[in-house]
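1. Could you look at this predicted model? Sequence included:
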Amino acid sequence: MIDFKNKDELSTNVVICVSLVVLVAAGACMKFMPQPVAPSQRQNSNARRKITRTIESIKSKITVVTKELTAKTWPGQPEEIGPVALKQVNGLLQNHHLKLVGFHSQKPIEQPNITLVPFIVSVDGGFLNVMAFAKDLERSGTKFAVNLFQVSSADQGSDKVTASIGITAYQLPKPATTDSPAKSNDSKGVKKNA
């Protein structure tokens, strides 16, 4: 029997009472609280379908964006762009009755997700023809962006001008190779311990 009047046993009796209350409360929680239920097979399959639809949607968006980027960027190596660019520029120059004074390639600028290949095109001709040429450089499907346009008068008595036009071609980085480190070690003749 628990005697609360005896001061020597008071602390022991309080501990016993608190322990009994905790045991009763724990038993009541176990009895009346609902048991956790594992998700049903239906819920799992619905979640899987939702994730699969999301992944497929993302893949289709990536495909669309990749096609758009491919249409606006140049394939190959930066040094392969120059001859094709010169051919396209010459075609546009003939259409606008302009004279090519200079075509200079600049050093490619490599950035984390894209490579910029700049060129400087110098032309002589009528002012309106030069303006139309610069406009067509971006619109004619050449995949160039005009980033510099300087015009100076060739002579005072006519509309003849000399223009320097900076154009940039863009390239996406090459996909990384899928060689694993283990394969590269095997090819070097490194022996593995068994």
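-> Now that the structure is in, tell me what you want to look at. Residues are numbered from 1 along each chain as shown.
2. starting at the chain centroid, how far to stretch 146-162?
-> 39 Å (C-alpha atoms, centre = their mean, to the nearest Å).
3. who's in contact with that stretch?
-> 101, 118, 120, 122-128, 130, 134, 137-138, 163-168 (C-beta atoms under 8 Å, 6 or more residues apart in numbering). From N, CA and C alone the C-beta is placed, and that goes for glycine too.
4. from the residues you listed, which ones fall inside helices?
-> Among these, DSSP state H puts 127-128, 130, 134, 137-138 in helices.
5. Going by neighbour count, which of these comes out on top?
-> When neighbours are counted by other C-beta atoms under 10 Å, V130 leads the ones in helices among the contacts of stretch 146-162 with 22 neighbours.
6. I'd like to know how far that residue sits from S152.
-> 11 Å (C-beta to C-beta, to the nearest Å).
7. Please enumerate the shared neighbours of these two.
-> In contact with both V130 and S152: 161, 163, using C-beta under 8 Å, 6+ apart.
8. which SS state does the residue nearest to the spatial centre of the chain fall under?
-> Geometric centre of the chain, nearest residue: N113, 6.9 Å, by C-alpha atoms, centre = their mean. Of the three states, N113 takes coil under DSSP: H, G, I helix; E, B strand; the rest coil.
9. who touches D136 in this structure?
-> Counting by C-beta under 8 Å, 6+ apart, D136 touches 92, 95-96.
10. Just the buried ones from those, in ChimeraX syntax?
-> Applying 16 or more other C-beta atoms under 10 Å to the contacts of D136, the buried members can be selected in ChimeraX as follows:
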select :92,96
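11. Could you single out the nearest of the contacts of D136 to N44?
-> L92 (60.2 Å; C-beta to C-beta).
12. which of the residues in the stretch of helix or strand the closest one belongs to are buried?
-> Using DSSP states H and E, L92 maps to helix 81-95. For helix 81-95, a neighbour-count test (16+ other C-beta under 10 Å) marks 81, 85, 88-89, 92-93 as buried.
13. before we move on, what about stretch 103-111?
-> Buried residues in stretch 103-111, counted by 16+ other C-beta under 10 Å: 103, 105.
14. Chain neighbours aside, what residue packs nearest to G82?
-> Excluding the flanking residues, the one nearest G82 by C-beta to C-beta, 6 or more residues apart in numbering is S105, at 5.0 Å.
15. Next one: K99, what pLDDT does it get?
-> With respect to pLDDT, K99 has a value of 90.
16. Against M33, how distant is F149?
-> In terms of C-beta to C-beta, F149 sits 75 Å off from M33.
17. can you check Q111 too?
-> For Q111, the distance to M33 - C-beta to C-beta - is 58 Å.
18. Which parts of the protein are helices?
-> 10-32, 41-72, 81-95, 127-139, 181-187.
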